[in-house]
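A.B. asks: The following comprises the amino acid sequence and a computationally predicted model.
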Amino acid sequence: MNRQHPSPGRPDPIRLGDAVPPLALVDGAGDPWDTAWTGAPTLLIFHRHLACLLCQQHVLEVRDQLGEFGDARIIVVTFADPGRLDAHRAHLDVPFPILTDLTLAIYDAFGFRRGTRRAIWNVDTLRFYGGVLRHGRRLTRPTEDIYRLGGDVVIDAAGRLTFRYASAHPDDRPAIPELVDAIRRAR
């Protein structure tokens, strides 16, 4: 698991084993979402920005292996305007919710920070986007902060953080088997 140090003036991130408090997430209608951590493990996938193709690819990989996650609750978290969430969910064709953290407080609580220019525009990321463009795909202009990094967390049925992966750059995500294993351990 990658570690990132909190920025000065920000609290330490939630640590492994800590109880995760209710999170102030909202849905596409702007309504609060219940984040009670009971009954089954939860996988939270933190998107960088909605136009991030690497984040979209990660979400699609989870969707395509959904059966491997059993009864786990899966939620995609972004910091986009709530009015854009339903269209993004339809675009990705995912059965799980996409919610927003408009203040980035939840990103900060889990230690997902802004990346440096070097981290965001690394060789592997540029190579990925170059390949996408060569294959005729058009890119969407991001409307959110492109320097914010994402990650993945697993919260067990008792509400404790059992897995945290903070991405060091856009193409840095845990492999699906690693996430499936984290969910199994969280039961």
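C.D. replies: That came in fine, so what should we check first?
A.B. asks: give me the low-pLDDT residue ranges for this protein?
C.D. replies: The chain contains residues with pLDDT under 70 at 1-11.
A.B. asks: run the last query once more with 80
C.D. replies: Scanning the chain with the threshold set as pLDDT under 80 gives 1-12, 38.
A.B. asks: all strands of this structure, in order?
C.D. replies: Assigned by DSSP state E, the strands in the chain fall at 42-46, 73-78, 98-100, 151-155, 161-166.
A.B. asks: Tell me how many other residues surround residue 174.
C.D. replies: Counted with other CB atoms under 10 Å, residues neighbouring residue 174 total 21. Placement of C-beta: from N, CA and C, glycine included.
A.B. asks: Surely it and residue 150 touch.
C.D. replies: No. Using CB atoms under 8 Å as the test, residue 174 is too far from residue 150 to be in contact (11.2 Å).
A.B. asks: Could you measure from residue 151 over to residue 20?
C.D. replies: In this structure, residue 151 and residue 20 are 14 Å apart, going by CB to CB, to the nearest Å.
A.B. asks: Between these two, tell me which one has more neighbours.
C.D. replies: residue 151 (26 against 21).
A.B. asks: Residue 119 reaches residue 167, doesn't it?
C.D. replies: No. Taking CB under 8 Å as the definition, residue 119 is not a contact partner of residue 167, at 9.0 Å.
A.B. asks: Can you tell me the closest non-neighbouring residue to residue 133?
C.D. replies: Here the nearest residue to residue 133 in space, its sequence neighbours aside, is residue 139; by CB to CB, 6 or more residues apart in numbering that works out to 7.1 Å.
A.B. asks: So what does that neighbour look like in phi/psi?
C.D. replies: In this entry, residue 139 is assigned phi and psi values of phi -90, psi 150 (degrees, to the nearest 10).
A.B. asks: what does residue 15 give?
C.D. replies: Backbone geometry at residue 15, expressed as degrees, to the nearest 10, gives phi -100, psi 160.
A.B. asks: Leaving out chain neighbours, which residue sits closest to it?
C.D. replies: With CB to CB, 6+ apart as the criterion, residue 15 has its nearest non-adjacent residue at 6.9 Å, and that residue is residue 161.
A.B. asks: Show the contacting residues for the residue lying closest to residue 17 once chain neighbours are set aside.
C.D. replies: Distance criterion CB to CB, 6+ apart; nearest residue to residue 17, sequence neighbours excluded, is residue 160 at 5.9 Å. Taking CB atoms under 8 Å, 6 or more residues apart in numbering as the contact definition, residue 160 lies against 17, 18, 19, 20.
A.B. asks: which of those lies closest to residue 133?
C.D. replies: Set against residue 133, the nearest of those by CB to CB is residue 20 (39.0 Å).
A.B. asks: Since that was my last question, I'll sign off now.
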